[in-house]
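>>> structure, please.
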Amino acid sequence: MKKMLYVATLALSSMLCAAKPEVISIEDINPEMMAKLQEKERAKLIVKMPKGMELPMSVLIYGDFFSAGTGGEEAFTVTIKQDLFLKFCGDVFFASLDGKNWKKMEEFFTGSFGWSVNDETATKFGLYLEANLRK
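Here you go, the predicted model:
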């Protein structure tokens with residue numbers, strides 16, 4: 001019974017993901033689209049991040065031990081170096097270079113995330129992220 005339920009869930013998920021979703025540029029996302037991306041409607045949207053776009057980023061860190069933020073203000077920009085398409089299928093996040101050939105995020109990207117401490121004049125923490133196409 002469990003196996004049949006699992007197969008039925010996979011089949012339903014595949015049917016939802018096979019439907020032709022709407023492709024939107026991240027530049028055109030509005031509050032209505034953000035609501036869809038945060039709900040079950042997200043399977044109907046593909047977000048394109050076009051090459052050359054500068055994406056403004058803000059920072060928010062919170063929890064039991066740390067608190068920081070830019071208060072909604074832009075802290076820095078990230079430049080998109082090549083076209084990137086993103087979509088959800090169920091609760092799985094997928095990425096693509098062309099919007100047709102999809103891989104799960106962990107199969108698409110490789111890289112590293114880390115932190116450093118520089119104490120030459122004052123204690124200063126740094127964070128870094130390296131993201132490359134997994135080949």
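
>>> point out where this structure drops to low pLDDT.
1-19, 40-43, 119, 121-122 (pLDDT under 70).

>>> beta-bridge partners for the spatially most central residue of it, please?
Nearest to the mean C-alpha position of the chain, counting by Cα atoms, centre = their mean, stands Leu86 at 6.7 Å. Here Leu86 sits in beta bridges with Val47, Ala95, as judged by DSSP bridges.

>>> how about the contacts made by it?
By Cβ atoms under 8 Å, 6 or more residues apart in numbering, the residues touching Leu86 are Ile46, Val47, Met49, Phe93, Phe94, Ala95, Ser96. (Glycine included, C-beta is placed from N, CA and C.)

>>> can I get those in TSV including distance to Ser116?
Listed next are those as TSV, based on distance: Cβ to Cβ, whole Å:
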residue	distance to Ser116
Ile46	36
Val47	31
Met49	27
Phe93	28
Phe94	32
Ala95	27
Ser96	32
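
>>> what number of residues are in the vicinity of Lys20?
Counted by other Cβ atoms under 10 Å, the residues lying close to Lys20 total 7.

>>> now the helices: where do they sit in the chain?
Assigned by DSSP state H, the helices in the chain fall at 2-18, 31-37, 105-108.

>>> in PDB, list the C-alpha atoms belonging to the last one.
Extracted in PDB, the C-alpha atoms of helix 105-108 (Å, rounded to 0.1, in the frame of the first residue of the first chain):
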ATOM      1  CA  MET A 105      20.100  22.100  -7.500                       C
ATOM      2  CA  GLU A 106      22.600  19.700  -5.900                       C
ATOM      3  CA  GLU A 107      23.300  18.100  -9.300                       C
ATOM      4  CA  PHE A 108      23.500  21.400 -11.100                       C
END
